[in-house]
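Undergrad: just coords:
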């Protein structure tokens, strides 16, 4: 039987992790998702509990590496997304988006193209404890903010160890990271935390829905349910999102997280302001898994607090077998669920 992708830790390991963890550069233009008991009649009444959401650490409790990845057409094919546990699609300058891919369960041999960090990354990765953050560089303004975060910054332009340039790709879309080497560079300072996500069987209810599409001014991300692959096939800017080997990337759960957005004090080289997503607070969440959709809520009490997703006050559980793709969108932004 296959081991769930996000299996809960053994009790001792979970407690150990909990003790440890609970406590722009330029904007680039494209080249071109109740426990019940059932009495059984035997000599003595017994109960059989239904599956419950896993926890307290729903990833692996191992070191966490977060990597900034370019999401424009010029960066195709993106590398290593099939190994990610969570992928955030976050807005950047000029109406574009960038990916923040989070790896814990397994580390890809390579990942990229690695691009520059943003102010939003600090609060996003703080959800995971003290993590390693890989990025190509940042503006001086953004660097000051990144330096104040609790994450271990692994910037290519400050130290290229753990990176190389793929000469078959044009710069700046050719910086590729080696996760094993990057985590070694971070040393033993990486400490995971409970991120708040819960994995398990699909919650009750939900409505049939097979696809979701989100639009930003200069970027589009769509995910469509495949009964054959039992996952959501990912498309960006109208093209299938495929690995270097030609296999389409998938997600087990899709989360549309509605977040307020404000402008940073930073601007890119074209004078475009840097958007910052507010991922602390609460708001609406739409979650798709198993070909169905639920409308619920997200909440996070502080920067170091976990993010909870709920429906009707109960945990909105994610598919344990696939990656979670989180689309960070503003209220009123174009999102279509069918």
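TA: Received it, and whenever you're ready, just let me know what you need. Computed from a prediction, not measured in an experiment: that's the story for all the values here. Residues are numbered from 1 along each chain as shown.
Undergrad: could you pull out the strands for the stretch 1-150 of the chain?
TA: For the stretch 1-150 of the chain, applying DSSP state E, counting those that start in this stretch gives strands covering 37-40, 46-49, 65-70, 86-91, 97-103, 129-130, 132-135.
Undergrad: would residue 296 count as being in a strand?
TA: Yes. The assignment for residue 296 by DSSP: H, G, I helix; E, B strand; the rest coil puts it in a strand.
Undergrad: and residue 322, which of the strands of the stretch 1-150 of the chain is closest to it?
TA: Minimum separation from residue 322 across the strands of the stretch 1-150 of the chain (Cβ to Cβ) falls at strand 86-91, 10.7 Å. The C-beta positions use only the backbone N, C-alpha and C, and glycine is treated the same way.
Undergrad: helices or strands up against the closest one?
TA: Contacts defined by 3 or more Cβ pairs under 8 Å, 6 or more residues apart in numbering; DSSP states H and E place strand 86-91 against strand 97-103, helix 120-126, strand 273-278, strand 324-329.
Undergrad: TSV for those, including mean pLDDT, distance to residue 178 and mean neighbour count?
TA: What follows is the helices and strands packed on strand 86-91, written out as TSV (pLDDT from 0 to 100; distance: least, Cβ to Cβ, whole Å; neighbours: other Cβ atoms under 10 Å):
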stretch	mean pLDDT	distance to residue 178	mean neighbour count
strand 97-103	98	12	25
helix 120-126	98	19	23
strand 273-278	97	28	20
strand 324-329	99	24	25
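Undergrad: how about these, which one is nearest residue 80?
TA: strand 97-103 (7.1 Å).
Undergrad: name the helices or strands packed onto the closest one?
TA: strand 65-70, strand 86-91, helix 120-126.
Undergrad: would you list those in a markdown table and tack on distance to residue 324?
TA: Listed next are the helices and strands packed on strand 97-103 as a markdown table, based on distance: least, Cβ to Cβ, whole Å:
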| stretch | distance to residue 324 |
| --- | --- |
| strand 65-70 | 14 |
| strand 86-91 | 5 |
| helix 120-126 | 13 |
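Undergrad: picking that back up, most tightly surrounded among the strands of the stretch 1-150 of the chain?
TA: strand 132-135 (a mean of 28; mean count of other Cβ atoms under 10 Å).
Undergrad: Pull the residues that contact that strand.
TA: When contacts are defined by Cβ atoms under 8 Å, 6 or more residues apart in numbering, strand 132-135 is touched by residues 63-68, 111, 114-117, 121, 125, 146, 149, 151-156, 162, 177, 179, 182-183, 185-186, 190.
Undergrad: How far off centre is that strand?
TA: 14 Å (Cα atoms, centre = their mean, to the nearest Å).
Undergrad: nearest to residue 307, of the helices and strands packed on strand 97-103?
TA: Smallest distance to residue 307 across those (Cβ to Cβ): 9.6 Å, for helix 120-126.
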